[in-house]
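**Student:** give me the fold of what follows.
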Amino acid sequence: MKNDVIITISRQFASGGRTIAKKLAAGLDLPYYDNELITLAAKESGYNEEFFENAEEKANNKFLYYLSSGLGNVSSWGTDIALDDKLFLIQADVIRSVAARGSCIIVGRCADYVLAGNPNCINIFIYSDIDHRIERAKNDYHLEAPNLKDAIIKSDKKRATYYNYYSDMKWGQKENYHLMLNSDSIGIENSVKLLTQYVELFVEGR
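**Tutor:** Here you go, the predicted structure:
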């Protein structure tokens, strides 16, 4: 794209958000970052990727002090900050770095919060009805948990806990996003078309 645009996509589990993000990136010919961020963060920090994948979704009071004191970057924290919080800050630095390179799509990982104030950002939240999410979990993720509904809700709670604590905002709250989309209302392909048009209008309007 001629003008830089950073698209962050948050999503409920099994809402189709990742599929939509990949298709949107392909259609707009933009770099796509999801698990790739973990690989980059691991390379940047020297920590094993498993540390990022398995990091507990919580933070401590000292971490919030670091953020509120303007110390929210890798170069400013000392040795006494918790490992999980270090991992978050490392990942946040990676998100800022890829965004600084130019247009891209970033999935999850509090990217909307990390890039808050960036005028080139479009923050999107994808959600879906629970029945469709159960079917998608079976078909796309091949999950056969005894109670998929409970598993899906638990996954969302983990995402919300992580986001709410590290961002001090509320996951899924409409005020945090430019656009919220129920992927069931028009389907995956039409959702991609709608978001493509939205991005084009966003760029034209600047």
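**Student:** doesn't residue 191 make contact with residue 19?
**Tutor:** No: Residue 19 is beyond contact range of residue 191, at 9.2 Å (criterion: C-beta atoms under 8 Å). All C-beta spots, glycine's among them, are computed from the backbone N, C-alpha and C.
**Student:** helices or strands up against the helix or strand residue 200 falls within?
**Tutor:** Following DSSP states H and E, one finds residue 200 within helix 183-204. The contact analysis (3 or more C-beta pairs under 8 Å, 6 or more residues apart in numbering; DSSP states H and E) places helix 183-204 against helix 17-28, strand 121-127, strand 179-182.
**Student:** alpha carbons of the helix or strand following the second one, in PDB - could you do that?
**Tutor:** What that stands for is strand 121-127. Next along the chain after strand 121-127, taking DSSP H and E as the criterion, comes helix 130-140. C-alpha atoms of helix 130-140 as PDB (Å, rounded to 0.1, in the frame of the first residue of the first chain):
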ATOM      1  CA  ILE A 130     -20.800 -19.700  20.400                       C
ATOM      2  CA  ASP A 131     -22.500 -22.400  18.300                       C
ATOM      3  CA  HIS A 132     -20.500 -21.400  15.200                       C
ATOM      4  CA  ARG A 133     -17.300 -21.200  17.300                       C
ATOM      5  CA  ILE A 134     -17.900 -24.800  18.500                       C
ATOM      6  CA  GLU A 135     -18.300 -26.000  15.000                       C
ATOM      7  CA  ARG A 136     -15.200 -24.100  13.900                       C
ATOM      8  CA  ALA A 137     -13.200 -25.500  16.800                       C
ATOM      9  CA  LYS A 138     -14.100 -29.000  15.600                       C
ATOM     10  CA  ASN A 139     -13.500 -28.400  11.900                       C
ATOM     11  CA  ASP A 140     -10.500 -26.000  11.900                       C
END
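**Student:** tell me which other helices or strands the helix or strand where residue 86 lies touches.
**Tutor:** Using DSSP H and E, residue 86 maps to helix 83-101. Here helix 83-101 touches helix 36-45, helix 49-53, helix 61-68, strand 104-107, helix 111-114, going by 3+ C-beta pairs under 8 Å, 6+ apart.
**Student:** thinking again about what came up before, any idea which of the helices and strands packed on helix 183-204 is most buried?
**Tutor:** Of the helices and strands packed on helix 183-204, the one with the most neighbours on average (mean count of other C-beta atoms under 10 Å) is strand 121-127, at a mean of 21.
**Student:** what pairs with it, parallel or antiparallel?
**Tutor:** strand 6-11 (parallel), strand 179-182 (parallel) (DSSP bridges).
**Student:** since that was my last question, I'll sign off now.
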